[in-house]
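> Show me the folded form of this:
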Amino acid sequence: AIGAPNSHSYDGNVRIWKYIQGVWTLIGDIDGQSSNERSGTSVALNGNGNIVVIGSPKNKEIAPNGYYGNVGLTRVFSYNGSSWSQLGQNIYGESERDYFGERVAINNAGDRIVSASVQSNCQSSSNPNGPGEVKIFDYVGNSWSKVGRTIYNDSSNVCIVIGSCGGTTGYGKPYFGDAL
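Next up is the predicted model:
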């Protein structure tokens with residue numbers, strides 16, 4: 001999967017390719033859903049390549065909680081062999097300037113995702129832009145449900161990973177404690 005967050009006037013786009021009989025073949029083309037949302041800033045595929053999670057950190061739709069403006073959005077899609085359809089609901093950040101979906105990860109089975117923001121609107125004196133946050137979701141029934149508490153990160157840059165079974169999640173802070 002290749003994300004192109006600056007395509008389509010910054011709405012963003014994700015293209016999914018599969019290696020079939022010696023040729024890379026386009027099997028999916030998923031566009032962002034609103035103006036300037038930068039869909040495809042982050043993308044991840046499950047182990048079989050039939051479920052993709054897409055981050056759109058600059059989504060400006062009005063989230064269910066009423067917030068508007070760079071709340072961010074994470075969406076998940078499933079491939080049935082001929083087309084991609086959304087799996088569960090849109091998952092929004094919690095407040096303006098969360099930039100939720102800046103980083104995403106998915107487990108091997110495709111039933112647990114991790115989505116992170118590099119900053120959130122929860123500001124502190126040590127981080128006026130707000131800490132980053134990492135949230136974990138499981139696919140239960142037909143919707144994504146948050147698992148455990150939000151993990152806050154005092155860094156403006158975060159990388160996330162998830163174990164193949166989904167039982168272990170980690171995040172890293174590049175250059176933390178190191179001089180450049």
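> all contacts plus neighbour counts: C-alpha atoms, from now on.
OK.
> how about low-confidence regions in this protein?
Along the chain, segments meeting pLDDT under 70 span 2, 4-11, 13, 35-38, 59-69, 96-97, 119-131, 152-180.
> All the strands of it, residue numbers only.
Using DSSP state E, the strands of the chain run over residues 2-4, 13-20, 23-31, 42-45, 51-56, 73-79, 84-86, 91-92, 103-106, 112-117, 132-140, 143-153, 159-162, 169-172.
> and these as a markdown table, adding mean neighbour count?
Shown next, in a markdown table, are the strands of the chain (neighbours: other Cα atoms under 10 Å):
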| stretch | mean neighbour count |
| --- | --- |
| strand 2-4 | 19 |
| strand 13-20 | 16 |
| strand 23-31 | 14 |
| strand 42-45 | 24 |
| strand 51-56 | 29 |
| strand 73-79 | 23 |
| strand 84-86 | 15 |
| strand 91-92 | 24 |
| strand 103-106 | 29 |
| strand 112-117 | 28 |
| strand 132-140 | 20 |
| strand 143-153 | 15 |
| strand 159-162 | 18 |
| strand 169-172 | 14 |
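> Leaving out sequence neighbours, find the closest residue to residue 151.
Nearest non-adjacent residue to residue 151, counting by Cα to Cα, 6 or more residues apart in numbering: residue 134, 5.0 Å away.
> isn't the one you found right up against residue 113?
No - the criterion here is Cα atoms under 8 Å, and residue 134 misses it with residue 113 at 10.5 Å.
> Distance check, residue 143 against residue 23.
Distance, residue 143 to residue 23, by Cα to Cα, to the nearest Å: 35 Å.
> same question, residue 71
Where residue 23 is concerned, residue 71 sits at a distance of 39 Å (Cα to Cα).
> do the same with residue 98
40 Å.
> and residue 143, what are its bridge partners?
Beta-bridge partners for residue 143, by DSSP bridges, are residue 140.
> ok, now residue 92?
Applying DSSP bridges, one finds that residue 92 bridges with residue 73.
> Would you quantify the distance from it to residue 47?
For residue 92 relative to residue 47 (Cα to Cα), the value is 25 Å.
> now do residue 144
For residue 144 relative to residue 47 (Cα to Cα), the value is 19 Å.
> cool, and residue 77?
From residue 77 to residue 47 the distance is 14 Å (Cα to Cα).
> again, but for residue 18
Counting by Cα to Cα, the gap from residue 18 to residue 47 is 13 Å.
> try residue 39
22 Å.
> Could you check which of the two is surrounded by more residues?
More crowded of residue 39 and residue 47, by other Cα atoms under 10 Å: residue 39, with 35 against 14.
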